[in-house]
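S.K.: quick one: sequence and predicted model below, then my questions.
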Amino acid sequence: MNDDLARLQRVWSALGRDDPLWAVLSQPGKRGQRWDESEFLATGQVDIETQLAGLAAHGLPVRKAVALDFGCGAGRLSRALAGHFERVVGIDVSPTMIQTARRINADLANVEFRENPSARLEGIADRSVDLVYSTMTLQHIPTGLAAGYVAEFARVLAPGGVASFQFVADHDRGSRRGRLFARVSNRWLNPLRRLLWRRWSVFEMHVLPESVLHERLAADPAVRLLAALDDGSAGPGWHGRRWYLVRDPAA
């Protein structure tokens, strides 16, 4: 395991042990294990229904056999996907998050949760997944590692399949907060986060430029960019984006 992966696993294992639902969805007033589990899971249902409705307008994905939830955390989105796909695989670097996901989704027979402390999507075959879904995950992963995961999304995408993923493309340089983030590295921001959150283990934010993604994906001409939209889920100070990749059904 490389240094970036080891650090990610260490931080997210601590977050998953102490307050997993808030670490996944850090809404005001929910810190300190104040999320109601049913309310938490209901937010995932809304997210997935919205995304699938948009994709259905394009006739995508062509099949609904397998969905992959990358950075599944406590299984909020995996649970929602299970109502639409024959099989769902949720993967996460954190063993404590996986434990929580298995516990609160134990009633579902078609969902599997896997710990994946690797730069690859281990155990996921080429061209085998109809929907790859990820939100509020790549933004916490260092750039090189995150770009590699996007290349993995393309690798596992089945013909007629879709990869929908959110990331931070840049700082919001039109805002004071964004200009601060652009000038100050995580090395200096992390002590401030520790003071603010009153805990040692804090998650970082990382930029993944769209130019980097274009370069990584150029190797597979059968995968094309269907759409690229602004996405505000990263919060103020960040220019968030969501990409939709499609593999040619005839590939």
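M.R.: Received the coordinates, thanks.

S.K.: could you give me the average pLDDT of the helix ranked longest in the chain?
M.R.: Longest helix in the chain by number of residues (criterion: DSSP state H): helix 37-56. What helix 37-56 shows for mean pLDDT is 96.

S.K.: now do the buried residues in it.
M.R.: Within helix 37-56, the residues that count as buried by 16 or more other CB atoms under 10 Å are 40, 41, 43, 44, 47, 48, 51, 52, 55. C-betas here are computed from N, CA, C, even on glycine.

S.K.: quick check: next helix or strand after that helix?
M.R.: Along the chain past helix 37-56, the next helix or strand (assigned with DSSP states H and E) turns out to be strand 66-70.

S.K.: just how off-centre is that next one within its chain?
M.R.: 10 Å (CA atoms, centre = their mean, to the nearest Å).

S.K.: which strands or helices does the next helix-or-strand element following that strand pack on?
M.R.: Toward the C-terminal end, the helix or strand that comes next after strand 66-70 (DSSP H and E) is helix 76-81. Applying 3 or more CB pairs under 8 Å, 6 or more residues apart in numbering; DSSP states H and E, we find helix 76-81 packed against helix 37-56, strand 66-70, strand 87-92, strand 111-115, strand 129-134.

S.K.: using CSV, write out every CA atom in helix 76-81.
M.R.: Taking C-alpha atoms only, helix 76-81 is exported to CSV below (Å, rounded to 0.1, in the frame of the first residue of the first chain):
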residue,chain,number,x,y,z
ARG,A,76,-26.2,5.2,1.8
LEU,A,77,-26.2,5.1,-2.0
SER,A,78,-25.6,1.3,-2.3
ARG,A,79,-28.9,0.8,-0.6
ALA,A,80,-30.7,3.0,-3.0
LEU,A,81,-29.1,1.4,-6.0
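
S.K.: returning to that earlier point: just put the helices and strands packed on helix 76-81 in TSV and tack on distance to residue 166.
M.R.: Listed next are the helices and strands packed on helix 76-81 as TSV, based on distance: least, CB to CB, whole Å:
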stretch	distance to residue 166
helix 37-56	10
strand 66-70	11
strand 87-92	16
strand 111-115	21
strand 129-134	7
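
S.K.: could you pull out the strands for the stretch 101-250 of the chain?
M.R.: Listed in chain order, the strands of the stretch 101-250 of the chain (DSSP state E, counting those that start in this stretch) span 111-115, 129-134, 157-171, 223-230, 238-247.

S.K.: which parts of the first one are buried?
M.R.: When burial is assessed from 16+ other CB under 10 Å, strand 111-115 yields the following buried residues: 111, 113, 115.

S.K.: got the CA coordinates for the least confident helix or strand in the chain by mean pLDDT in CSV?
M.R.: For the chain, using mean pLDDT, DSSP states H and E, the weakest element among its helices and strands is helix 186-197, scoring a mean of 73. Provided in CSV are the C-alpha atoms of helix 186-197 (Å, rounded to 0.1, in the frame of the first residue of the first chain):
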residue,chain,number,x,y,z
ASN,A,186,-3.6,20.9,3.2
ARG,A,187,-0.4,20.9,5.2
TRP,A,188,-1.5,24.2,6.7
LEU,A,189,-5.3,23.7,6.5
ASN,A,190,-5.3,20.5,8.5
PRO,A,191,-4.2,22.1,11.8
LEU,A,192,-7.1,24.6,11.3
ARG,A,193,-9.5,21.7,10.6
ARG,A,194,-8.3,19.9,13.8
LEU,A,195,-9.0,23.0,15.9
LEU,A,196,-12.4,23.5,14.3
TRP,A,197,-13.5,19.9,14.5
